[in-house]
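> Quick one: sequence and predicted model below, then my questions.
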Amino acid sequence: MFNNRTNSKKTTSIMIVEIAKWVVILFGIFIIFIGFVMLINPIKARNTLRKAGSTNFINYAEITLRLIPAIALILCSEFSKFPIAFKVFGWIMLITSLILYIVPRKIHHKFSMKSADILKPIYFQFISPFAFLFGGLLIYNVT
């Protein structure tokens, strides 16, 4: 009986790590997709940045959605090619997301508007290769 519980816990742990890996892979694909948006339609990328924190729904949905890959990075870090980097990045994403929950939405939106003013469309095109690289690294590290 004890042995069945141990096997069940191991199976559950393996499933959680496997789900976390797939979340990281999907996150990597998403980052690559965003890189294409920044390259092909930098004005759309800039306008999307301007919307961050603009409404309660957008603000809290954005923050909550950031938590999912952050937790996945932490959960599968030990099984990645660079466990320390994955764990540190996951914790940074998690902590900054939790901090954003307590930062007033208007301050978050003001920051995104100011960032969008600084980042001209051509800058989005210049940094888009970093999104391709980062998304690819995420996928590579869990496969």
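That came through fine.

> Which residues belonging to stretch 8-22 are considered buried?
Val17, Ala20, Lys21 (16 or more other Cβ atoms under 10 Å). Every C-beta, even on glycine, is put in place using the N, C-alpha and C of the backbone.

> Same check on stretch 94-109?
For stretch 94-109, using 16+ other Cβ under 10 Å, the buried residues are Leu94, Ser97, Leu100, Arg105, His108, His109.

> what mean pLDDT does that stretch have?
For stretch 94-109, mean pLDDT rounds to 95.

> same thing with stretch 54-67?
On average, stretch 54-67 scores 95.

> Start from the N-terminal end of this structure and give the helices.
2-40, 42-51, 56-76, 83-102, 105-118, 121-142 (DSSP state H).

> Take the buried residues of stretch 8-22 and write them to a markdown table, including pLDDT and distance to Ile43.
Output for the buried residues of stretch 8-22, formatted as a markdown table (pLDDT from 0 to 100; distance: Cβ to Cβ, whole Å):
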| residue | pLDDT | distance to Ile43 |
| --- | --- | --- |
| Val17 | 94 | 40 |
| Ala20 | 97 | 35 |
| Lys21 | 97 | 35 |
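
> And those, which is closest to Gly90?
Ala20 (9.7 Å; Cβ to Cβ).

> so that closest one makes contact with Leu75?
Yes - Ala20 lies in contact with Leu75 (Cβ atoms under 8 Å); the separation is 3.9 Å.

> hey, what's in contact with both of these two?
Here Ala20 and Leu75 have no joint contacts, going by Cβ atoms under 8 Å, 6 or more residues apart in numbering.

> Okay, now the unreliable bits of this protein?
For the chain, the stretches flagged by pLDDT under 70 are 1-6.

> 80 instead?
1-10 (pLDDT under 80).
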